[in-house]
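**Q** return atomic coordinates for the entry below.
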Amino acid sequence: MSETVPAGPATTPMAPGPASTATAATAPPAPAPGAATEVLLRVQRGDANGGQLVDYRVPVEPGMVVLDAIHWIQAHVAPDLAVRWNCKAAKCGSCSAEVNGRPTLMCKTRLDRFAPGHPIEVRPMKTFPIIKDLVTDVSWNFEVNKRIPPFQPREGATWRWKQSDIDRVQEFRKCIECFLCQDVCHVLRQHELKHQFAGPRFLVRTAALEMHPIDGADRIRFLREHAGIALCNITKCCTEVCPEDIHITDNAIIPLKERVVDRHYDFVRLFWNRIRGVRDDRI
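**A** Residues are numbered from 1 along each chain as shown. Here you go, the predicted model:
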């Protein structure tokens, strides 16, 4: 993973407070007639102490994406602009940002999809702490990942399963960990409940383990007490921003919710177990 934070001229100190708009003094002149068209990129600059939006006029060539425009700014106007990226092929998940308010991969967002003449606003992911400019600290996600009970094959399990079982979990393995679903999730974004909620990405990973045909680990208590699955109200906003088109809500979160409900809130099952004298110590 590449994190572009090149050395360059010091930026002007920016006071903490709400974002404002400033125009880059070194922005290139308007192109001559017949030259490539321009786009106005409004990029957030700053760090954890505060920041502002800065305008950059970028010449546009056919097929350019937002990440191309950011790289042009680095090369010609602001060499100290920090951005994280790697593959530029929508497979590494590094260049996540918010473009005109929507969490997206900058390398997958073409400039020609925006209305001509309107500025394109590029900000870092709101849910995570800012390090510098468009680079955020996503290390919390990896700490959550460590808490998920790992794959544990059932004792005596036969390592053979149906194609339908493979197909069910294969969708979840497409995740590139761009953390856009984590960014857009209101439980993390607005309510800041990182201490109670694992987030869509790690509910997907848990689903991949739970639905593995020979896995024998029990993660129901983890889902209820540590992953906070009850906090998800299935708005499907995570599914909408997923660049791999994973059906996060329908195929991962809802089935996990059903498992938790079956264990803890199915009164018929609980009553029948009591009649039979069966006690489930996992509850």
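**Q** going forward, measure contacts and count neighbours with C-alpha atoms only.
**A** OK.
**Q** need the helix or strand of the chain with the lowest average pLDDT.
**A** Every helix and strand in the chain was compared by mean pLDDT, DSSP states H and E; the lowest is strand 21-23, with a mean of 43.
**Q** next structured bit after that strand?
**A** strand 38-47 (DSSP states H and E).
**Q** ok, that following strand: who's next to it in the sheet?
**A** strand 50-59 (antiparallel), strand 120-123 (parallel) (DSSP bridges).
**Q** all strands of this protein, in order?
**A** 2-4, 21-23, 38-47, 50-59, 83-85, 96-99, 102-105, 120-123, 130-132, 135-136 (DSSP state E).
**Q** save these as JSON lines, and put in distance to P243 and mean neighbour count too.
**A** What follows is these, written out as JSON lines (distance: least, Cα to Cα, whole Å; neighbours: other Cα atoms under 10 Å):
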{"stretch": "strand 2-4", "distance to P243": "20", "mean neighbour count": "14"}
{"stretch": "strand 21-23", "distance to P243": "30", "mean neighbour count": "13"}
{"stretch": "strand 38-47", "distance to P243": "22", "mean neighbour count": "22"}
{"stretch": "strand 50-59", "distance to P243": "26", "mean neighbour count": "21"}
{"stretch": "strand 83-85", "distance to P243": "15", "mean neighbour count": "21"}
{"stretch": "strand 96-99", "distance to P243": "10", "mean neighbour count": "24"}
{"stretch": "strand 102-105", "distance to P243": "8", "mean neighbour count": "24"}
{"stretch": "strand 120-123", "distance to P243": "18", "mean neighbour count": "22"}
{"stretch": "strand 130-132", "distance to P243": "22", "mean neighbour count": "19"}
{"stretch": "strand 135-136", "distance to P243": "19", "mean neighbour count": "24"}
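**Q** weakest of these in terms of mean pLDDT?
**A** Mean pLDDT values for the strands of the chain show the minimum at strand 21-23, a mean of 43.
**Q** residue ranges with poor pLDDT in the stretch 151-283 of the chain?
**A** Low-confidence segments of the stretch 151-283 of the chain, defined by pLDDT under 70: 266-274, 276-283.
**Q** if we go to 50?
**A** 283 (pLDDT under 50).
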